[in-house]
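# show me how the following folds:
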Amino acid sequence: MTDSPSRPEYARAKRSLGQNFLVDTNMARRIVASAGPFDGADAPAVLEIGPGHGALTGLLLEAGAERVMVLEKDRELARALKARLPRVGVIMGDGLTFGWEGLSGLPGLRLIGNLPYNVASPMLWEIVSRARGWSRAVFMVQYEVGRRIVARPGCGEYGALSVWLQAFSTPRLLFKVPPHVFRPQPKIDSAVLEFVPRPPEEWPASPKSLANILSLCFQKRRKQLKSILKKYFDDALASDFEARGISPQARPEELATHQFVWLGERIFSHFLLDLVEKI
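Coordinates of the predicted model:
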């Protein structure tokens, strides 16, 4: 069950949609195996994002997945896949605007997909913070993006994407994927990552506050926190920094995920409260 550019029924890749189709069966099997097993008494439903020509989809069925759904934006590809694999539930939609909250009715759901390079980061941002009930995800992304996702504090690759995804999940880089397994071939390597969701009680209480502080800090990542936060930095905040062992001279890439969660809630909840009191 592999894509082949020699088959005339397969559509050409659309650059506007960031399409690079997986054509290597061995690599496809490795990716599917990384997301499995899919059979057994408690077999989970599987949602594949961006199935393309179905290189992974058919193998999911072979692996014993009883309920396979795909989310595909390209209408031509969606129709072709449904005609070839009628057992698969095809959902026409865009991963950037999809109602991820609606997946809560599928407990234990597995997610899998070769995400388009041009939208992988914002799509992952939405999935991990809005989807509920999923148990594991295996996604292929650009290798450099994969390294950013799993980066730790103190590393130059560590940034807003790292913090956000690690606040809601535990990501792990599984293996690198070379360009020659795709058609058309990208000029860069890819990476397959595993994501395991954190328990809901560990999620940020205010995702919006976390998003705000990440935007504020990483837009000026070379500056010190006291300079970045000068609008909010008073004696009370300085005292809180000291109590938590955070130096005002630290730069954003030095803070751990839980420190950003605290800082976002500390600054923006207090700031909004002050505004309410003034009104």
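# residue 140 belongs to a strand, doesn't it?
Yes - membership of residue 140 in a strand is supported by DSSP: H, G, I helix; E, B strand; the rest coil.
# next up, the contacts around the residue nearest to residue 33 when sequence neighbours are not counted.
Sequence neighbours aside, residue 63 is the residue nearest to residue 33 in space, at 7.7 Å (criterion: C-beta to C-beta, 6 or more residues apart in numbering). C-betas here are computed from N, CA, C, even on glycine. Neighbouring residues of residue 63 by C-beta atoms under 8 Å, 6 or more residues apart in numbering: 32-33, 36-39.
# state the distance from residue 63 to residue 78.
For residue 63, the distance to residue 78 equals 22 Å [C-beta to C-beta, to the nearest Å].
# mind telling me what element the residue nearest to the spatial centre of the chain is part of?
In the chain, the centroid-proximal residue (C-alpha atoms, centre = their mean) is residue 124; its distance is 2.4 Å. For residue 124, the host element (DSSP states H and E) is helix 120-130.
# same check, this time on residue 113
strand 109-114.
# and the helices in the stretch 101-250 of the chain?
In order along the chain, the stretch 101-250 of the chain carries the following helices (DSSP state H, counting those that start in this stretch): 120-130, 143-150, 160-168, 207-218, 225-228, 235-243.
# and these: which comes nearest residue 250?
Nearest of the helices of the stretch 101-250 of the chain to residue 250, taken as C-beta to C-beta: helix 225-228 at 5.4 Å.
# coming back round to it: closest to residue 215 among the contacts of residue 63?
Using C-beta to C-beta, the contacts of residue 63 come closest to residue 215 at residue 32, 36.2 Å.
# circling back to that earlier point, quick one, phi psi at the residue nearest to residue 33?
With angles defined as degrees, to the nearest 10, residue 63 sits at phi -80, psi 0.
# kindly report the same for residue 230.
According to degrees, to the nearest 10, residue 230 has phi -60, psi -30.
# numbering from 666 from now on, please.
Noted, 666 is the first residue going forward, which turns the last one into residue 895.
# residue 729 contacts residue 704, doesn't it?
Yes - counting by C-beta atoms under 8 Å, residue 729 touches residue 704, with 3.0 Å between them.
# how far is the strand holding residue 778 from where the chain is centred?
Per C-alpha atoms, centre = their mean, to the nearest Å, the displacement of strand 774-779 from the mean C-alpha position of its chain is 10 Å.
# could you do stretch 874-884 as well?
For stretch 874-884, the distance to the chain centre is 18 Å (C-alpha atoms, centre = their mean).
# likewise for stretch 700-712?
With C-alpha atoms, centre = their mean, you get 20 Å for stretch 700-712.
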